[in-house]
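Colleague: Sequence and computational prediction follow.
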Amino acid sequence: MTVPRKQVHLGAHFPGVNSTTVWTEPDSGSQIDFASFEHLARSAEDARLDFFFLAEGLRLREHKGEIFDLDVVGRPDTLPVLAALAAVTDRLGLVGTINTTFNEPWEVARQFATLDVLSGGRAAWNLVTSPDAFTGANFRRGGFLPYEQRYERAAELVAVARALWDSWDDDAVLGDREGGAFLRDVEHVGPHFQVRGTFPTPRGPQGHPVLFQAGDSGQGRDFAAATADVVFSMHSTFEDGRAFYRDVKDRLPALGRREDSLKILPATSVVLGDTAEDAAERARVIRRQQVSGPGAIAFLEQVWGVDLTAYDPDGPLPDVEPDVGNADITRGRVRHVKDPRPVVAAWRARAEAERLSIRDLVIAVTSRGGFVGTPTHVADEIDRYVQQDASDGFILVPHLTPHGLDDVLATVVPLLQERGSFRAEYAGPTLRDHLGLDRPAEGRAATAHLDQQPVG
Ligand SMILES: Cc1cc2nc3c(=O)[nH]c(=O)nc-3n(C[C@H](O)[C@H](O)[C@H](O)COP(=O)(O)O)c2cc1C
């Protein structure tokens, strides 16, 4: 018996508002013009990709008290962009990142249900959390949520959203079923939300929008296993990818879920060339564009917590010690380094052993893998990762707006199609169809009651 090939799933990430998006190239276009979003979405759909993906950043990064002007900046609101794209595409999934810490369930549930209806079943919500008070200062609730409560709020938010989506029967709009209620009241009283009333938006074609999750801690993985349809991960090398894949999928059986009900899609980048050497040289140039001299110094300052502008980016690492108490030198980004001292020690050792300058070291430690080579090599590699369970596919992150994926879509995707690992045509109209996900049964018996007490 032959085992069927696993199908590769691919998403097109709109270039991020950060320093990996290169804005110094003549080919680099607007981050905010609709034409940029439209180009990436239309070309992704022409190549039969699963979805278009928008990340979210709610506050511009500040560094040493000023806007960090080495980042690309400017980001329109996610949901109107996706709604506009729904009008210029037919089949492509539309995935929007919306924070679970700062939003209310009724509003977000209504927005995603509306997008699902408008797009004919193509909406997805990427659930992210934030422990960041600097970002929280933008919001009416002010401040932020204690770190340990971020997934508690996220889980309650999703539970209420689901109850709202399930408060309409699938055939409620037609209203031609005999007897029975088509629409139920929702009443939810929990620690974070109290919601009472009827929901104005009918159940969308997908029942529930597809739920993505991006968060990497043990709690984040548990939340993904319990809640999500897709995990957006950052584990894009083969070994890391396989370890992450197993870790998350092993959490599913205890929750009564099948392995294929949760797709793991790491972010990755692709650099192509006519030969392996040509591609490697292009990749080297792109990394140096992404990590400029001043960018390398600013990156070290985030870890050291002190001003390092006196140092030469092409010279050796700073000989000063880090300021352990100055974790706030950069604000508006997740800080991954809790104690800088072991990190600084490890980087000094590496820079010395490999004779790396500051800029070389930053390029090395911020590299996330990615595929570099001829189109055939990259297609082979993507397929190998998927067939050998290092992922279920990838979210492709270009470094240029809006043409950064043109070559990948024109050359690598057809090779994957030729070998039968990627669809040549969409099998159905919805994003659930593209991802091979079941449609949640309508919730005629669903209840939104949770016996929990409000906070405070
Ligand atoms: C691959 C990936 C993508 C993410 N994208 C976003 C994003 O677009 N916007 C955002 O506010 N946070 C984003 N996050 C941050 C997470 O939602 C979360 O705040 C962070 O990972 C901490 O959660 P954790 O403790 O579970 O890892 C992303 C995280 C990962 C791993």
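Modeller: Everything's here; your move.
Colleague: Kindly report the residues of this protein close to the ligand.
Modeller: 55-57, 97, 99, 128-130, 214-217, 219-220, 232-234, 267, 334 (Cβ under 6 Å from any ligand atom). Just so you know, the C-beta spots here come from the backbone N, C-alpha and C atoms, and that holds for glycine as well.
Colleague: Apply 5 Å and report the result again.
Modeller: A55, E56, T97, V128, T129, A214, G215, D216, S217, G220, F232, M234 (Cβ under 5 Å from any ligand atom).
Colleague: Narrow these to those in strands?
Modeller: T97, V128, F232 (DSSP state E).
Colleague: Of the residues of the chain next to the ligand, grab the buried ones for ChimeraX.
Modeller: Selection of buried members from the residues of the chain next to the ligand for ChimeraX, criterion 16 or more other Cβ atoms under 10 Å:
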select :55,97,128,129,214,215,216,220,232
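Colleague: Dump the residues of the chain next to the ligand to CSV, plus distance to R251.
Modeller: Output for the residues of the chain next to the ligand, formatted as CSV (distance: Cβ to Cβ, whole Å):
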residue, distance to R251
A55, 25
E56, 26
T97, 22
V128, 19
T129, 18
A214, 16
G215, 14
D216, 14
S217, 13
G220, 11
F232, 16
M234, 18
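Colleague: Take the residues of the chain next to the ligand and write them to CSV, including distance to A154 and pLDDT.
Modeller: As requested, the residues of the chain next to the ligand are arranged in CSV below (distance: Cβ to Cβ, whole Å; pLDDT from 0 to 100):
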residue, distance to A154, pLDDT
A55, 17, 96
E56, 14, 94
T97, 13, 98
V128, 9, 96
T129, 5, 92
A214, 11, 96
G215, 9, 87
D216, 14, 92
S217, 12, 93
G220, 9, 96
F232, 14, 98
M234, 18, 94
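Colleague: Touching the helix or strand containing D116 from outside, list them.
Modeller: Using DSSP states H and E, D116 sits in helix 105-119. Here helix 105-119 makes contact (Cβ atoms under 8 Å, 6 or more residues apart in numbering) with 79, 82-83, 86, 94, 96, 98, 122-123, 125, 156-158, 160-161, 164-165, 193, 195, 199-206, 209.
Colleague: buried subset of the residues you listed?
Modeller: 79, 82-83, 86, 94, 96, 98, 122-123, 125, 156-158, 160-161, 164-165, 193, 195, 199, 201-206, 209.
Colleague: Go through the contacts of helix 105-119 and flag which are in strands.
Modeller: Per DSSP E, these map to strands at L94, G96, I98, A123, W125, V195.
Colleague: State the distance from the fifth one to the ligand.
Modeller: Using Cβ to the nearest ligand atom, to the nearest Å, one obtains 12 Å as the distance from W125 to the ligand.
Colleague: domain parsing for this protein?
Modeller: 7-272+373-433, 277-364 (the TED database).
Colleague: dump the residue contacts of A35.
Modeller: Counting by Cβ under 8 Å, 6+ apart, A35 has contacts G29, P402.
Colleague: Helix or strand: which one has it?
Modeller: Here A35 is assigned to helix 34-46, by DSSP H and E.
Colleague: buried residues in that helix?
Modeller: S36, F37, E38, H39, L40, A41, R42, S43, A44, E45.
Colleague: what sits against the closest residue to the first one other than its chain neighbours?
Modeller: Residue nearest to S36 in three dimensions, not counting chain neighbours: P402, with 3.9 Å by Cβ to Cβ, 6 or more residues apart in numbering. Going by Cβ under 8 Å, 6+ apart, P402 touches P15, G29, A35, S36, F37, H39, L40.
Colleague: which phi and psi does the second one have?
Modeller: Dihedral angles phi and psi of G29 (degrees, to the nearest 10) take the values phi -100, psi -170.
Colleague: Just confirm it contacts D406, I think it does.
Modeller: No: G29 is beyond contact range of D406, at 11.9 Å (criterion: Cβ atoms under 8 Å).
Colleague: wait, doesn't A267 sit right on A12?
Modeller: No: using Cβ under 8 Å, A267 makes no contact with A12, being 11.5 Å away.
Colleague: Common neighbours of the two, please.
Modeller: I395.
Colleague: Among these two, which residue is more densely surrounded?
Modeller: A12 (26 against 22; other Cβ atoms under 10 Å).
Colleague: Secondary structure element holding that one?
Modeller: strand 9-13.
Colleague: Tell me what angle that strand forms with strand 93-99.
Modeller: 60 degrees (axes from the mean of the first three to the mean of the last three Cα atoms, to 10 degrees).
Colleague: Name the strands paired with strand 9-13 and say parallel or antiparallel.
Modeller: Paired strands of strand 9-13, with direction, are strand 51-54 (parallel), strand 393-396 (parallel) (DSSP bridges).
Colleague: Contacts for that strand next, please.
Modeller: 40-41, 43-44, 49-53, 55, 93, 95, 263, 265, 267, 392-398, 405, 409, 413, 422, 434-435.
Colleague: With stretch 279-290 instead?
Modeller: Residues beyond stretch 279-290 that count as contacts (Cβ under 8 Å, 6+ apart) turn out to be 19-20, 22, 24-25, 271-273, 359, 363, 367, 370, 372-374, 399.
Colleague: could I get it in CSV with only the CA atoms?
Modeller: The C-alpha trace of stretch 279-290 is given here as CSV (Å, rounded to 0.1, in the frame of the first residue of the first chain):
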residue,chain,number,x,y,z
ALA,A,279,21.7,32.0,-4.0
ALA,A,280,24.2,32.0,-1.1
GLU,A,281,25.7,35.3,-2.3
ARG,A,282,22.2,36.9,-2.6
ALA,A,283,21.3,35.6,0.9
ARG,A,284,24.5,37.2,2.3
VAL,A,285,23.7,40.5,0.7
ILE,A,286,20.1,40.4,2.0
ARG,A,287,21.3,39.7,5.6
ARG,A,288,23.7,42.7,5.4
GLN,A,289,20.8,44.9,4.2
GLN,A,290,18.6,43.6,7.1
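Colleague: Okay, buried residues for it please.
Modeller: So, applying 16+ other Cβ under 10 Å, buried residues of stretch 279-290: A279, A283, I286, R287, Q289, Q290.
Colleague: Show me which of those residues is closest to the ligand.
Modeller: Ranked by distance to the ligand (Cβ to the nearest ligand atom), the buried residues of stretch 279-290 are led by Q290 at 17.2 Å.
Colleague: Please report how far the closest one lies from G93.
Modeller: Using Cβ to Cβ, to the nearest Å, we find Q290 at a distance of 28 Å from G93.
Colleague: hmm, back to that, ok so the residue nearest to S36 is a helix residue?
Modeller: No: counting by DSSP: H, G, I helix; E, B strand; the rest coil, P402 is not part of a helix but coil.
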